[in-house]
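>>> Here you go, sequence then predicted model.
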Amino acid sequence: MIAIHQEDRMTLRSSRSALALAVAAVFTAAALPATAQQNINLTLASSHPTTWLPIGLMAGFFKNDIDRQLKEDGKYKITWKEAYAGTLFKLQDTMEAIRDNIADIGYVGSVFEADTMPLSNVTFFTPFTSGDMGIVTRTLDKLQRELPALQKEWNGNNIKYLAPISIETYHVWTKTPVAKFDDLKGRRYNAPGPAAQWLRGTGAVAVDGGLPTYYTNVQTGVTEGAISFYTGILPIRLYEIATHVAEVNLGAMFSGGIAVTADKFNKMPKEVQTAIVNAGVAYTAELIKQTNANIDSSKKTMVAAGTKVAVFSEGDRARWAKSLPDIAGDWARTNDAKGLPASTVLKAYMDEIRKAGGKPLRDWDK
């Protein structure tokens, strides 16, 4: 018979106690609620490629800012599915894609929605108003958030507006030199949506299109060039075949915004909603900053590749502006007749531009 000494009994009791505590800890831990982040699946998409700066910033800065906020909060995590360059929807379907939740968040191009979002296109009917992209962006963002009629164009289509997507001032890229107003006569140029109005009275012909179509149209002879902007032309490489640019300074434009399907947004946890809205605000400032930084570098790249630049004189700019019919007035009266407060939006826009220091070449509201 084996004798068990007192110290051995104490060791045995200690071991049994430790084992009991360990087992209890396991069961207690199993009974506690899980602390892992809750996953949310979202699709982020655009008709345009990420090589276009606003979409590149949406896919990078905007998305990353949402992730950063949620990581700090610790409760939720988004798994992103991304689709760009028209792989999920084309440029004519940007509004419908978000409205119908084909994508959860993405670029809604109001510039391509003349029928469903006419009031948001006020800048395209007021050329030569301001070439300062920061002024135009902040002005339209302010009006989108303050004017019920503009809000309705988004909310009424099951879309929640998050941030503006604006474009720096427009110029003309062409296969043959255009150095003055008279050189426009008889030419055919791509112009996005309502920008076709800018060629009325000039003798040139507008052909509808957007950044994804310009290169092919010029290459195949459908058009001789396009009315566009430096940071948009650089990534599509249109300057390789339209080797001349006429710097007209037609003005900066609001082309739409980043938006989320309203039904989907309303079902999201409060923390996720807040992160998305905050990212939209931060994106606005970043877009203005990055665009202004990229205009000069885009121009330098094109000039180094052989692009010839002709700067329109103030006299020729004034001739172009004066040659245009009352496109803003026509737009306002047409939409007023439909029961939309277009004249109110037009006046509010022009007043805000002047208040911000803009100097319109033509006062479209007077």
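Cool, the structure landed.
>>> can we go C-alpha only for contacts and neighbour counts from here?
Noted.
>>> just so I have it, where are all the strands in the chain?
Ranges of strands in the chain, per DSSP state E, are 38-45, 76-83, 105-108, 159-167, 171-174, 188-191, 205-208, 225-228, 244-247, 253-261, 308-311.
>>> I'd say residue 120 and residue 150 touch.
Yes. In this structure, residue 120 is within contact of residue 150 by CA atoms under 8 Å, at 6.4 Å.
>>> higher neighbour count, the two?
Taking other CA atoms under 10 Å, residue 120 and residue 150 do not tie; residue 120 has more neighbours (26 against 22).
>>> circling back: which residues do residue 120 and residue 150 both contact?
residue 144 (CA atoms under 8 Å, 6 or more residues apart in numbering).
>>> domains in this protein, as residue ranges please.
38-166+254-295, 171-252+301-327 (automatic domain parsing).
>>> rewinding a little: and the strands of the chain: which comes nearest residue 274?
strand 159-167 (11.1 Å; CA to CA).
>>> Residue 215: how many residues sit nearby?
21.
>>> make that residue 57, sorry
19.
>>> next one: residue 255
For residue 255, using other CA under 10 Å, the count is 23.
>>> In contact with it, which residues?
109, 110, 111, 121, 164, 165, 166, 167.
>>> Kindly report the same for residue 37.
74, 75, 76, 77 are the contacts of residue 37 under CA under 8 Å, 6+ apart.
>>> The last one contacts residue 67, doesn't it?
Going back to what we said before, that points to residue 77. Yes. Counting by CA under 8 Å, residue 67 is a contact partner of residue 77 at 7.2 Å.
>>> Reformat the strands of the chain as JSON lines; add mean pLDDT and distance to residue 331.
Shown next, in JSON lines, are these (pLDDT from 0 to 100; distance: least, CA to CA, whole Å):
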{"stretch": "strand 38-45", "mean pLDDT": "98", "distance to residue 331": "31"}
{"stretch": "strand 76-83", "mean pLDDT": "98", "distance to residue 331": "34"}
{"stretch": "strand 105-108", "mean pLDDT": "98", "distance to residue 331": "21"}
{"stretch": "strand 159-167", "mean pLDDT": "98", "distance to residue 331": "20"}
{"stretch": "strand 171-174", "mean pLDDT": "98", "distance to residue 331": "23"}
{"stretch": "strand 188-191", "mean pLDDT": "97", "distance to residue 331": "17"}
{"stretch": "strand 205-208", "mean pLDDT": "97", "distance to residue 331": "18"}
{"stretch": "strand 225-228", "mean pLDDT": "98", "distance to residue 331": "20"}
{"stretch": "strand 244-247", "mean pLDDT": "98", "distance to residue 331": "26"}
{"stretch": "strand 253-261", "mean pLDDT": "98", "distance to residue 331": "16"}
{"stretch": "strand 308-311", "mean pLDDT": "98", "distance to residue 331": "29"}
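>>> Same list, those, but as a markdown table with distance to residue 354 please.
As requested, the strands of the chain are exported to a markdown table (distance: least, CA to CA, whole Å):
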| stretch | distance to residue 354 |
| --- | --- |
| strand 38-45 | 35 |
| strand 76-83 | 39 |
| strand 105-108 | 27 |
| strand 159-167 | 18 |
| strand 171-174 | 22 |
| strand 188-191 | 26 |
| strand 205-208 | 29 |
| strand 225-228 | 24 |
| strand 244-247 | 23 |
| strand 253-261 | 16 |
| strand 308-311 | 25 |
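>>> To residue 291, which of the ones you listed lies closest?
strand 159-167 (8.2 Å).
>>> Could you give the number of residues near residue 280?
Neighbours of residue 280 (other CA under 10 Å): 25.
>>> Kindly provide the distance from it to residue 70.
To residue 70, residue 280 is 14 Å away according to CA to CA, to the nearest Å.
>>> in the sheet, who's paired with the spatially most central residue of the chain?
Nearest to the mean C-alpha position of the chain, by CA atoms, centre = their mean, lies residue 165 at 3.1 Å. Note on residue 165: beta-bridge partners residue 256, judged by DSSP bridges.
>>> Help me confirm that it comes into contact with residue 259.
No. Using CA under 8 Å, residue 165 is not in contact with residue 259; the gap is 10.2 Å.
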